[in-house]
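Novice: based on what follows, work out the 3D shape:
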Amino acid sequence: MRAGEDPALKGLERVERVPVELDMDQRRQEGPHLFRDDSDIGRDRAVRAHPADPPGDRAGRERQPLGQQVGGHQCVLLEQREDAQVDSVVGHSATMPDSGKWAGEIARHAPMLHAMQCYADNTVGERVMKIALAALALSAGLAVGAQAQQGPGPAGGPGGPAPMAAPAASKTEIVTSIRKAIAGNYVVAGKRAALDAALLKGLKAGRYDAADPGEFTRRLNEDLYAVAQDKHLSLFFDPRMSAEIAGRGSQNDEIEDTPFFKAMMRQRNYGITEMKLLPGNVRYIRYDGFGWTGAESRAAIDAAMAFLREGDAAILDLRGNGGGSPEAVRRIASYFVPAGTPLVTFHLRSEAPTSSTSEAVPGGQLRLPLYVLTSNRAASAAEEFVSHVARLGFGTLVGETTAGAAYRNEHFAMPGGFVMSVSIGYPELPGGGNWEGKGVAPKIAVPADRALDRAQQDAAQKLAEKAQGPQRTELEWTAALHAARVTPAVPARALAAYAGRYGARTVALENGALTWQRDGGVKSVMVPLGGDLFAFEFDPATRVRFTGEGAVTGVVIERADGSGNPVPRG
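Specialist: Predicted coordinates for the structure are as follows:
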């Protein structure tokens, strides 16, 4: 591990290399690729193919990084230039629990973690559980693939109990129990009869006779979705959770307040997993889940908002956010609207509706341009917040239409070790309606992996309109760099024509992209801006313009302050 690198990063990298991996999809069944749902969003698409950034410094960043603690999260603020190197950029809040100390707790609280959502299936808690289980399997030398049909509890071995055996039950018993749960609880009363008919038809046709629990749940969930188009209405196999729920009745989407849960949330910094200072004093926060533990979550959010307050623009990244608690939504939204603004009303079965309004927050409203990044995986509570952004107009949505999962759900124990998630309530926005089945459309539509660049482009363009002199030039160059990352420009010559030595610098063609490296410095990826002009991926204030008629004979290193440095080839 490199000097200065956050040890948590190495732990996470180790988990990502597990050869047999697990994942939870929207039907809550295990399958390949443990971290596939996070990796494509967490690291934005490179404009041109090139090797992954090295851990810690990535490329071409310099000066003295300023480290500061913000809500328990290590945040590094830095400036970027051509040559020098730093050893650490951003520390991540996720850390690996010690297997010997935590194995029993993970097993004991697995049902709670499975239920850790307010409306959504894909939550921070579920990701934390996957990370913790993979760490346990690695440290104990276990085959993590062995959990594929056993739910979230750790396999038998040092520090963990043996997998719980599912009690025997016929498919008729299971389906009959599901029909009862839906008939008595499903939020859309008008669809209950159609759902019941679909289940009865599948049962009589032998469609659910599959011996494998995964195949059985897949077929049954397909039939439910065909009728309801409800991503929360689903069956999954988890004997341990089923037994836990059976011992105390149904389990709703509220999280029990336990030391274990609070510790897990603390290790994920309450969903705030990354904070960065981007060029132009644009403040970035990646928020992976609206986790809520009360005072601790409130303090983490308040600290993150204090970080944003000092920016000239802000970006809130919800592309990997599967939902969480309405209380966390309320707290963040309160920083962008006046106190007392109506937000949402929840309708839960026969209970009286409950309404949420914004509250007073430290320092009052944030008054800066806000960009919220979305994807088709942003769901539930994330969609509630996105709906507020769109409806109240306090930010710009950039990315993809969200998942369209609005309902609140509750878990019911089924025979045979199964658990049924049934939607039992729905949110209603002021003026009526919600996002169920349709999601929330962005104002600026781009693929999710280009959303960050597109937001930076727009922010820099707007900030440049109010700036003067070199600052305006630098912001304009920043906008141009990100525009070229969103829509790649075509250079005037083949990339190989630019490769060579230029004084103390080397331009090389590696994996389809040009890199720039000063002797003794780090490599910087070069982004084509069109013609013979290139920018540095992490230094928009410096450009390189190749010169020469026919063959390339030199370069001019251009800077936003108007200075330039011609360097001959060779």
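Novice: ok, Ala198 touching Leu224?
Specialist: Yes. Using Cβ atoms under 8 Å as the test, Ala198 is close enough to Leu224 to be in contact (7.2 Å). For glycine as for every other residue, the C-beta is placed from the backbone atoms N, C-alpha and C.
Novice: the two: which is more packed in?
Specialist: Shown here are Ala198 and Leu224; by other Cβ atoms under 10 Å, Leu224 has more neighbours (22 against 18).
Novice: in three-state terms, label the more buried one for me.
Specialist: Secondary structure for Leu224, judged by DSSP: H, G, I helix; E, B strand; the rest coil, is helix.
Novice: excluding sequence neighbours, find me the nearest residue to it.
Specialist: Nearest non-adjacent residue to Leu224, counting by Cβ to Cβ, 6 or more residues apart in numbering: Leu233, 5.2 Å away.
Novice: quick one: contacts for the one you found?
Specialist: Ile182, Tyr186, Leu195, Leu224, Tyr225, Tyr407, Asn409, Ser421, Val422, Ser423 (Cβ atoms under 8 Å, 6 or more residues apart in numbering).
Novice: help me confirm that the second one comes into contact with Leu195.
Specialist: Yes. With contacts counted by Cβ under 8 Å, Tyr186 reaches Leu195, the gap being 6.9 Å.
Novice: joint contacts of these two?
Specialist: Common contacts of Tyr186 and Leu195 (Cβ under 8 Å, 6+ apart): Ala228, Leu233.
Novice: flag the shaky bits of the stretch 51-200 of the chain, pLDDT-wise.
Specialist: 51-166 (pLDDT under 70).
Novice: re earlier: check what pLDDT the residue nearest to Leu224 gets.
Specialist: With respect to pLDDT, Leu233 has a value of 95.
Novice: for the nearest residue to Val389 once chain neighbours are set aside, give its distance to Val337.
Specialist: Closest residue to Val389 apart from its sequence neighbours, by Cβ to Cβ, 6+ apart: Gly395 at 4.4 Å. Using Cβ to Cβ, to the nearest Å, Gly395 is found at 11 Å from Val337.
Novice: out of these two, which sits in the more crowded spot?
Specialist: Legend: neighbour count by other Cβ under 10 Å for Gly395 and Val337, higher for Gly395 (21 against 17).
Novice: let me see the contact set for the more buried one.
Specialist: Going by Cβ under 8 Å, 6+ apart, Gly395 touches Leu316, Phe336, Pro369, Leu370, Tyr371, Val372, Val389.
Novice: just the buried positions in stretch 484-494, please.
Specialist: By neighbour count with 16 or more other Cβ atoms under 10 Å, stretch 484-494 contains the buried residues Ala484, Arg485, Val486, Ala489, Pro491.
Novice: can you list contacts of stretch 434-444?
Specialist: Residues from elsewhere that reach stretch 434-444 (Cβ under 8 Å, 6+ apart): 229-230, 374, 376, 383-384, 386-387, 390, 396-407, 426-428, 454-455, 458.
Novice: of those, which belong to helices?
Specialist: In helices, defined here by DSSP state H, the members of the contacts of stretch 434-444 are Glu383, Glu384, Val386, Ser387, Ala390, Arg454, Ala455, Asp458.
Novice: quick check, Arg309 in contact with Gly363.
Specialist: Yes. At 6.3 Å, Arg309 counts as touching Gly363 under the criterion of Cβ under 8 Å.
Novice: which intervals of the chain have sub-threshold pLDDT?
Specialist: Applying pLDDT under 70 to the chain picks out residues 1-166, 249-258, 260.
Novice: could you rerun that using 90?
Specialist: Judged against pLDDT under 90, the low-scoring parts of the chain cover residues 1-168, 231-232, 240-241, 243-264, 291, 324, 348-352, 408-410.
Novice: all helices of it, in order?
Specialist: Under DSSP H, the chain gives helices at 7-16, 36-42, 99-114, 124-140, 171-185, 192-204, 213-228, 239-246, 259-267, 295-309, 326-333, 381-392, 451-464, 469-486.
Novice: wait, which of those helices is closest to Ala535?
Specialist: Ala535 lies closest to helix 469-486 among the helices of the chain, at 4.5 Å (Cβ to Cβ).
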